[in-house]
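Q: structural data only, the sequence is not supplied:
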């Protein structure tokens, strides 16, 4: 079964998630610059979540790029991932509007944690379908980042009740870890192509 | 006529339906964990509807995968299906916000019932266009689940006025029936491919 | 220049237009069947607009299907069409919430009229790009429906101030005229294909 | 890496941005023509932003059309552009609802300025990936408009506090500069094709 529609549907859902988050930036009643000030935490939480969804889109893009075909298990693993990501706008809005209060900052980690687990399940479903000697298996490798992120979220959730800024710092750190370009898959793919052309 | 745009448009509408439902999860005013409690029924009804839309997307994907081309009747049958599915967010929100009260729980079954009928009409329109000896015809077979689901909805709608939880249980049961992987179409397609390659 | 992205972008915008209209179906506060009654005109105006957007999507699909490539003029003519269609949800909501009062019912005709003109301009831009002896030119023919519709809208707008139901009747009539399957383009295309295969 | 999903995701985000802006056109409570009057500035700012997003979609379409493949840097440069464009609906709504008051009119220039810079960064990332002797490099040429626009925005932002209509005039001027069909890329592409066919 082709992967085209899975990509198209995921692109659609991710595009909508990333865009409806901005609706939480409610237009202020005042018309002076000062009336924008209460929006700063909402804006910052929007920025953070935009980066997170961007990272997921990017990784999803890379992973599916190295995938040849999909099956029913992959379709559902993908929907499971989209479900948790669809809750990010809610968590983002609650955290932003409450200026990073403890409970909302803790809750923000829950969809991130669940999405990280869902991504790992999706990766496993694809690897099981493709075979563990596939290009993707080589590209994923030890998946250090993928294993590190849930640990950070698991730490951030209780720590948000101690000091919310610690949890915030952990969320930002995970985003930065991922933002550093992940050339693993790109590398393996291009070296595979290089080998292919050498063999010819 | 190609099926590409029908798939793309359906993907777009389904992606939006699945994502705007989450807007019903209104951000609470309080900033403690307790203020999330009233959202639990809204969350549960969102989860149920997410699974339903996911099932429709999945089945739609499989059915169109086994379809070669489309005609005007199929385009309209598809729009008819999308119309009823577009009412699911409304029914979901009303049921969730009223904590599964009788009338909203009954109404929730109406778009589900109509969508099931619309899906059946779409399937028929495709079969009429493709011929009853097509791959799809073999794959659909007796369509046991497709015939069972409307019976459950028809039972759930009046029963919601007796005991809402009976209707809720029936909705969950139908979702579970469909979640069990439906390998019919996948099977027929892969055995057809196997035969093809044997013949070669 | 390929037509792929023009189709994809139009599909996206039309999918969103059709789906955000349903957000006007605001969830009622009551939890009994009676609380749905005030929503009936909103529902009916949603249904009418859903059919209209469906017709535009359908016709757009057919027209672009018979188009080989696009240029800058076509891209802008298409955006112009999408602009007027993007105002349909607003007009729909105002008409529905005011139970088909005169001014909202008149205003509903304005985006429809402008979209009909924009569609005609888009068709002309494509014909100019493709040549008047193209397949599309033959398929469009005298374009009777396309010329009739604006006349109906032009009549409906002032008549809405006399009797809103006359305007409403005209809007429904135009929708029905288009719903009757338009096999012109399908016919010409399939006969062209038949001729081609005969010649071979 | 293919450019297909980058185009699809961008189309999705731009389609949603352009369509959610219309949600700021809040349905008035009155049912007479006069109740539409306060919406005129909202409508005008929607129209301006629709044209801007349309220009970006158009230019994006042309630029990607002349691009063969993408890399990680391009994916992130593209997300960066989409981030600033996603703030246009907020700025549009604030400006429209406050009837072009100084601060909102100044703020409107900020996402436009940042998007212009982001577009330039995206263009550079693509050129670096494709080589400076590529078709795109020839097509972009001196990029006069691309360099002029940020100057206009930089002037408009402080001038909005002096006289908002000056800033408004500058925004409209930039839009008109871009609306004049930009045949550079189309020209270079078609002349390249002509050369190719001559050589054959």
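A: Now that the structure is in, tell me what you want to look at. Treat the numbers as computed from the prediction; the structure is a model and nothing was measured.

Q: is chain B contacted by whatever helix or strand residue A:75 lives in?
A: Using DSSP states H and E, residue A:75 sits in helix A:72-86. Yes. Helix A:72-86 reaches chain B (C-beta under 8 Å from any C-beta of the partner chain) through A:72, A:73, A:75, A:76, A:79, A:82, A:83, A:86. C-beta here means a position set from N, CA and C on the backbone, and glycine is covered the same way.

Q: burial measure for the residue lying closest to residue A:61 once chain neighbours are set aside, as a count.
A: Leaving aside its chain neighbours, residue A:61 sits nearest to residue D:5 (5.4 Å; criterion: C-beta to C-beta, 6 or more residues apart in numbering or on different chains). Using other C-beta atoms under 10 Å in any protein chain shown, residue D:5 has 21 other residues around it.

Q: who's in contact with residue D:5?
A: Taking C-beta atoms under 8 Å, 6 or more residues apart in numbering or on different chains, we find residue D:5 in contact with A:7, A:11, A:61, A:64.

Q: can you tell me which of the residues you listed is closest to chain B?
A: residue A:11 (8.2 Å; C-beta to the nearest C-beta).

Q: isn't that closest one up against residue D:7?
A: No. Contact criterion C-beta atoms under 8 Å: residue A:11 and residue D:7 do not qualify, at 9.7 Å.

Q: settle it for me: which of these two has more neighbours?
A: residue A:11 (28 against 22).

Q: which residues touch that one?
A: A:57, D:5, D:8, D:9, D:12.

Q: which element is it on?
A: Short version, using DSSP H and E: residue A:11 is in helix A:4-20.

Q: I'd like the average pLDDT over that helix.
A: Average pLDDT, helix A:4-20: 91.

Q: ditto for stretch A:37-44
A: 93.

Q: buried residues, that stretch. List them.
A: A:39, A:41, A:42, A:43, A:44 (16 or more other C-beta atoms under 10 Å in any protein chain shown).

Q: chain A against chain B: which residues are in contact?
A: A:1-2, A:5-6, A:8-9, A:12-13, A:15-17, A:20, A:23-24, A:71-73, A:75-76, A:79, A:82-83, A:86-87, A:89-90, A:93-94, A:97-98, A:101-104, A:107.

Q: spatially central residue in chain A, please.
A: residue A:56 (3.2 Å; C-alpha atoms, centre = their mean).

Q: pLDDT wise, what is that one at?
A: Value for residue A:56, per-residue pLDDT: 93.

Q: contacting residues around residue A:126?
A: A:63, A:67, A:70, A:74, A:136.

Q: can I get the residues you listed in CSV with secondary structure?
A: Output for these, formatted as CSV (DSSP: H, G, I helix; E, B strand; the rest coil):
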residue, secondary structure
A:63, helix
A:67, coil
A:70, coil
A:74, helix
A:136, helix
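
Q: quick one, which of those residues are buried?
A: Burial by neighbour count, judged by 16+ other C-beta under 10 Å, picks out A:63, A:67, A:70, A:74, A:136 from the contacts of residue A:126.

Q: need the contact list for the second one.
A: I take that to be residue A:67. Here residue A:67 is in contact with A:3, A:126, A:130, A:136 (C-beta under 8 Å, 6+ apart).

Q: repeat the analysis, applying 10 Å as the threshold.
A: A:3, A:6, A:7, A:74, A:123, A:126, A:127, A:129, A:130, A:134, A:135, A:136 (C-beta atoms under 10 Å, 6 or more residues apart in numbering or on different chains).

Q: with the last one instead?
A: When contacts are counted by C-beta under 10 Å, 6+ apart, residue A:136 touches A:62-68, A:123, A:126-127, A:129-130, A:185, A:188-189.

Q: for it, report the pLDDT, please.
A: Value for residue A:136, per-residue pLDDT: 72.

Q: do the same with the fourth one
A: The per-residue pLDDT reported for residue A:74 equals 93.

Q: how close does it sit to residue B:58?
A: 11 Å (C-beta to C-beta, to the nearest Å).

Q: on that earlier part again, contacting residues for the residue nearest to the centre of chain A?
A: Here residue A:56 is in contact with A:10, A:14, A:17-18, A:81-82, A:84-85, A:88, A:112, A:115-116, A:118-119, A:178 (criterion: C-beta under 10 Å, 6+ apart).

Q: check those residues against chain D, which are close?
A: Among these, the ones lying near chain D by C-beta under 10 Å from any C-beta of the partner chain are A:10, A:14, A:17, A:18.

Q: wait, isn't the first one in contact with residue B:14?
A: Okay, so that is residue A:10. No. Using C-beta atoms under 10 Å, residue A:10 makes no contact with residue B:14, being 11.7 Å away.

Q: closest to chain D among the contacts of residue A:67?
A: For those, the nearest to chain D is residue A:7 (5.8 Å; C-beta to the nearest C-beta).

Q: hang on, that closest one packs against residue D:4?
A: Yes. Assessed by C-beta under 10 Å, residue A:7 is found in contact with residue D:4 at 8.2 Å.

Q: and for those two, which residues touch both?
A: With C-beta under 10 Å, 6+ apart, residue A:7 and residue D:4 have common neighbours A:61, A:65.

Q: related to what we said a few turns ago, who wins on neighbours among the contacts of residue A:136?
A: For the contacts of residue A:136, neighbours tallied by other C-beta under 10 Å; top is residue A:126, 26 neighbours.

Q: and that one, what element?
A: helix A:102-130.

Q: so which bits of that helix are buried?
A: A:102-109, A:111-123, A:125-127, A:129-130.

Q: name the nearest residue to whatever residue of chain A ends up closest to chain B, ignoring sequence neighbours.
A: Per C-beta to the nearest C-beta, the residue of chain A with the smallest distance to chain B is residue A:12, at 3.2 Å. Spatial nearest neighbour of residue A:12, chain neighbours left out: residue B:15 (3.2 Å); criterion: C-beta to C-beta, 6+ apart.

Q: quick one: that neighbour and residue A:13 touch, right?
A: Yes. With contact defined as C-beta under 10 Å, residue B:15 reaches residue A:13; the gap is 4.6 Å.

Q: tell me which of those two has more neighbours.
A: Ranked by neighbour count (other C-beta under 10 Å), residue B:15 and residue A:13 place residue B:15 first, with 28 against 25.

Q: so what's residue A:129 up against?
A: A:67, A:68, A:69, A:70, A:71, A:72, A:73, A:74, A:136.

Q: so which pair among those residues is furthest apart in space?
A: For the contacts of residue A:129, with distances taken as C-beta to C-beta, the pair at the greatest spread is A:72 and A:136 (18.6 Å).

Q: rewinding a little: what mean pLDDT does the helix holding residue A:126 get?
A: Helix A:102-130 comes out at a mean pLDDT of 94.

Q: got the angle for it vs helix A:72-86?
A: Orientation of helix A:102-130 against helix A:72-86 (axes from the mean of the first three to the mean of the last three C-alpha atoms, to 10 degrees) gives an angle of 160 degrees.

Q: so which of the contacts of residue A:11 is the most crowded?
A: Busiest of these [other C-beta under 10 Å] is residue D:12, holding 30 neighbours.
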